[in-house]
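Enquirer: A structural model of the following input is requested.
(one chain, ligands or ions: 3)
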Amino acid sequence: MQEKVDKLVKWLQDQANDAGLKGLLVGVSGGIDSAVVAHLIKRAFPDNSLGVILPCKSNPNDQEAAQKVIDSCGIKSMTVDLTKTHEVMFSTIQDQLKSAGDYNENQEKLADANLRARLRMSTLYSVGTNYKYLVVGTDNAAEWYTGYFTKYGDGGVDLVPLVHLTKGEVRDMARELGVPEEIIEKKPSAGLWEGQTDENEMGTSYEMIDKHLKGEEIPEKDRKIIEDMHKKSAHKRELAAAPPES
Ligand SMILES: Nc1ncnc2c1ncn2[C@@H]1O[C@H](COP(=O)(O)OP(=O)(O)OC[C@H]2O[C@@H]([n+]3cccc(C(=O)O)c3)[C@H](O)[C@@H]2O)[C@@H](O)[C@H]1O
Ligand SMILES: Nc1ncnc2c1ncn2[C@@H]1O[C@H](COP(=O)(O)OP(=O)(O)OP(=O)(O)O)[C@@H](O)[C@H]1O
Ligand SMILES: [Mg+2]
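Expert: Ligands and ions are numbered 1, 2, ... in the order given. Just a heads-up that it's a prediction; the model follows:
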């Protein structure tokens, strides 16, 4: 695991240097994936790395957890609260849809949630431009394979260092890096609505997704959910579709 960490740190350094930029930043949620990335980028660029806490109607416990992550790696941090921005933007959009008579209440929760992720992405790029840093993503192999991320939201990043690691391997790396145990043990959540957990929403578990990725047998019900998610999200792993040249 130490070797894997060293390789990733070197790769992160190469990516920023090759881009002619000064360092790296990541959104720190208080979850394990961004905790691992925060530790890695701090090692890669001790004086040119930043963890950005971006509350957006978030549970205050998440902010506390994010601060613990920041403290555990000693990375420089900043907080940008997006709650009001989201409120204004989302209600303006809703008002326009309502006055057009086109408002679809069934899509409200998802539209609200994905706007949070995309506001975070926009904020990270604004801060990154200021410092001349690249934006580092946190998707692991399980999230990437199933497309369990918001297109151009948390999926809108420059680098994806964890994309070959299963959730289990992310946990092992977190221990190696010194991420606090309470962060490692927390139930994975996108935090996009009250009480959301990844495994409830997906209808399967990271344990099953990890096994499937390693080619192990899993129950047919789980295999079907995972493969359906993978197929439906193919567009998220590709560039925008373009028509053939005429
Ligand atoms: N075939 C196709 N070809 C090209 N584009 C296609 C498409 N099908 C849909 N699309 C486009 O993609 C959009 C749907 O994708 P998207 O906007 O991503 O939305 P969607 O996949 O529906 O929702 C995002 C999911 O990721 C989860 N999430 C988000 C953020 C963070 C985390 C986390 O773990 O922290 C999890 C979230 O809870 C939710 O389940 C459609 O609105 C449409 O614009
Ligand atoms: N409140 C937040 N502040 C800053 N960044 C956030 C916040 N919420 C989400 N993000 C960003 O979105 C990413 C995707 O969230 P995701 O839940 O998949 O990862 P995580 O929270 O780090 O780990 P876990 O999957 O265990 O919850 C986060 O890793 C982080 O970079
Ligand atoms: Mg999370």
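
Enquirer: going forward, measure contacts and count neighbours with C-alpha atoms only.
Expert: Noted.

Enquirer: Where do the strands of the protein begin and end?
Expert: Secondary structure of the chain (DSSP state E): strands at 23-27, 49-53, 76-79, 133-135.

Enquirer: for this protein, which spans come out with low pLDDT?
Expert: Nowhere does the chain drop to pLDDT under 70.

Enquirer: Residues of it that sit close to ligand 3?
Expert: Within the chain, the positions lying close to ligand 3 (C-alpha under 5 Å from the ion) are 31, 189-190.

Enquirer: Reformat those as CSV; add neighbour count and distance to ligand 2.
Expert: Formatted as CSV, those follow (neighbours: other C-alpha atoms under 10 Å; distance: C-alpha to the nearest ligand atom, whole Å):
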residue, neighbour count, distance to ligand 2
Gly31, 22, 3
Ser189, 19, 4
Ala190, 18, 4
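
Enquirer: What ranges does this structure have for its helices?
Expert: 2-19, 32-44, 60-73, 83-99, 108-131, 141-146, 167-177, 181-185, 198-202, 206-213, 220-232 (DSSP state H).

Enquirer: Out of these, which gets nearest to ligand 2?
Expert: Shortest separation from ligand 2 across the helices of the chain is recorded for helix 32-44, at 3.6 Å, computed as C-alpha to the nearest ligand atom.

Enquirer: Run the angle between the closest one and helix 167-177 for me.
Expert: Counting by axes from the mean of the first three to the mean of the last three C-alpha atoms, to 10 degrees, helix 32-44 points 40 degrees away from the direction of helix 167-177.

Enquirer: Helix 32-44 near ligand 1 at all?
Expert: No. Against ligand 1, helix 32-44 shows no contacts by C-alpha under 6 Å from any ligand atom, the least distance being 9.1 Å.

Enquirer: What helices and strands are in contact with that helix?
Expert: When contacts are defined as 3 or more C-alpha pairs under 8 Å, 6 or more residues apart in numbering; DSSP states H and E, helix 32-44 sits against helix 2-19, strand 23-27, strand 49-53, helix 60-73, helix 167-177.

Enquirer: Noted, bye for now.
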